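K.L.:
Here you go, sequence then predicted model.
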Amino acid sequence: MAGWWLATLVLVFFLFIAIFFIIAALKSAVNTEDAVTIDPLPGPSDGTKRNE
């Protein structure tokens, strides 16, 4: 019986490790600065008004 509990704990541990690495890979692949450089917010120097 203890063997099944140990196997369950080990599999849960590997599941959390896999989720952590997937999230870390997605976070490193997404560059949030790209959105600002591609489509910057219009400012006062652009001569356009912002919708606020």
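P.N.:
Alright, I've got the coordinates.

K.L.:
What's the separation between residue 3 and residue 13?
P.N.:
According to Cβ to Cβ, to the nearest Å, residue 3 and residue 13 sit 16 Å apart. C-betas here are computed from N, CA, C, even on glycine.

K.L.:
Check residue 24 too.
P.N.:
In terms of Cβ to Cβ, residue 24 sits 16 Å off from residue 13.

K.L.:
Please apply the same query to residue 33.
P.N.:
35 Å.

K.L.:
pLDDT score for residue 28?
P.N.:
pLDDT, residue 28: 85.

K.L.:
An error on my part: the question was meant for residue 47.
P.N.:
57.

K.L.:
What of the one 5 residues further on?
P.N.:
With respect to pLDDT, residue 52 has a value of 52.

K.L.:
same question, residue 13
P.N.:
Taking residue 13 on its own, its pLDDT is 98.

K.L.:
sorry, back to before: quick one, which of residue 3 and residue 13 is more surrounded?
P.N.:
Comparing residue 3 with residue 13 by other Cβ atoms under 10 Å, the one with more neighbours is residue 13, at 10 against 7.

K.L.:
Look up which helix or strand that one falls in, please.
P.N.:
When elements are assigned from DSSP states H and E, residue 13 belongs to helix 2-29.

K.L.:
tell me which residues in that helix are buried?
P.N.:
By 16 or more other Cβ atoms under 10 Å, helix 2-29 has no buried positions at all.

K.L.:
who are the neighbours of it, in terms of helices and strands?
P.N.:
With contacts defined as 3 or more Cβ pairs under 8 Å, 6 or more residues apart in numbering; DSSP states H and E, helix 2-29 has no packing partner among the helices and strands.

K.L.:
Secondary structure element holding residue 31?
P.N.:
Applying DSSP H and E as the criterion places residue 31 outside every helix and strand.

K.L.:
Would you quantify the distance from it to residue 37?
P.N.:
Applying Cβ to Cβ to residue 31 and residue 37 gives a distance of 9 Å.
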